[in-house]
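**Student:** Next come a sequence and a model predicted from it.
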Amino acid sequence: MNAILCFGDSITYGRGEQPARSWVGRLKQDFEIKDKYNVVYNLGIPGDTSTKLLKRIETEIKNRVHYIREDDKFTIIISIGINDSIGILTPKNIQTKEKQFIKNINELIEISKKYTPNIILLSQTPVNEKLVCPYENTYFSNEMIKKYNQIIEEVSNINKLKYIDIFNPILKLNYIELLEDGVHFNSKGYNEMYKIIKDELNI
């Protein structure tokens with residue numbers, strides 16, 4: 001088996017397009033057709049933070065990672081952080097403080113390493129602040145997203161893991177038109193996100 005486990009939030013899940021495919025559904029379509037033993041799991045849950053993901057990641061991995069043949073390969077992709085970086089009720093009341101976020105990302109990596117050396121972390125994606133700062137009782141900020149992306153990149157480098165920057169390549173495009181609601185991509189946006197990931201994965 002060659003399986004890819006994709007962990008994340010609503011952007012991993014695919015909110016913003018109908019039906020919800022996300023970059024994971026596009027990966028599944030390209031990857032699974034190549035071999036009958038290739039599998040992609042979408043393990044994105046809308047609203048997830050690094051703290052919430054920590055509570056479920058090991059159970060999710062245990063249920064799917066089983067080494068039977070010598071050539072079995074498992075890859076874990078983690079895309080988490082945008083919900084950690086938001087302000088609750090006020091812009092400065094950040095949902096997950098930076099020190100806790102660093103700790104959470106390190107713990108997610110340590111858990112994943114118990115099951116596979118193949119771990120990839122993704123940056124979080126830009127938002128249209130005019131629509132989502134505020135959005136109901138939350139405040140999305142590109143400045144905060146960049147700060148949390150820097151943490152993800154630094155922790156990835158320390159652990160010698162692959163980090164895929166999606167934020168900056170998307171920012172260079174007319175990215176506002178790629179967003180369905182200010183946070184989640186529309187189909188064009190998910191296409192662009194997947195192109196970046198696909199090139200990095202060499203699929």
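**Tutor:** Nice, thanks for sending it over.
**Student:** contacts, neighbours, all on C-alpha from now
**Tutor:** Noted.
**Student:** Spell out the secondary structure type for residue 163.
**Tutor:** Recorded secondary structure, residue 163: strand (DSSP: H, G, I helix; E, B strand; the rest coil).
**Student:** for the closest residue to residue 138 other than its chain neighbours, phi and psi?
**Tutor:** Closest residue to residue 138 apart from its sequence neighbours, by Cα to Cα, 6 or more residues apart in numbering: residue 88 at 4.8 Å. Here is the backbone geometry of residue 88 (degrees, to the nearest 10): phi -110, psi 120.
**Student:** mind checking how far residue 88 is from residue 61?
**Tutor:** 30 Å (Cα to Cα, to the nearest Å).
**Student:** tell me the phi and psi of residue 119?
**Tutor:** Note on residue 119: backbone dihedrals following degrees, to the nearest 10 are phi -130, psi 130.
**Student:** Which residues are in contact with it?
**Tutor:** Contact analysis of residue 119 by Cα atoms under 8 Å, 6 or more residues apart in numbering lists 75, 76, 77, 78, 109, 112, 113, 161, 162.
**Student:** Can you tell me the closest non-neighbouring residue to it?
**Tutor:** residue 76 (4.8 Å).
**Student:** In a strand, that neighbour, correct?
**Tutor:** Yes: applying three-state DSSP, one finds residue 76 inside a strand.
**Student:** isn't it right up against residue 8?
**Tutor:** No: Residue 76 is beyond contact range of residue 8, at 10.8 Å (criterion: Cα atoms under 8 Å).
**Student:** and the most centrally placed residue in the chain, what are its bridge partners?
**Tutor:** Centroid-nearest residue in the chain: residue 79, 1.7 Å away (criterion: Cα atoms, centre = their mean). Judged by DSSP bridges, the bridge partners of residue 79 are residue 8.
**Student:** ok now do it, which residues does it touch?
**Tutor:** 6, 7, 8, 9, 12, 121, 122, 123, 124.
**Student:** Which member of those residues is positioned nearest residue 33?
**Tutor:** Distances from residue 33 to the contacts of residue 79, taken as Cα to Cα, are shortest for residue 6 (17.6 Å).
**Student:** That closest one: what's it in contact with?
**Tutor:** Residues in contact with residue 6 (Cα under 8 Å, 6+ apart) are 12, 24, 40, 41, 42, 43, 44, 76, 77, 78, 79.
**Student:** just to revisit the earlier point, buried subset of the contacts of residue 119?
**Tutor:** Among the contacts of residue 119, those classed as buried by 16 or more other Cα atoms under 10 Å are 75, 76, 77, 78, 109, 112, 161, 162.
**Student:** picking that back up, tabulate the contacts of residue 119 in a markdown table, adding columns for pLDDT and distance to residue 35.
**Tutor:** Putting those into a markdown table (pLDDT from 0 to 100; distance: Cα to Cα, whole Å) gives the following:
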| residue | pLDDT | distance to residue 35 |
| --- | --- | --- |
| 75 | 98 | 16 |
| 76 | 99 | 19 |
| 77 | 99 | 20 |
| 78 | 99 | 23 |
| 109 | 99 | 28 |
| 112 | 99 | 24 |
| 113 | 99 | 25 |
| 161 | 99 | 26 |
| 162 | 98 | 24 |
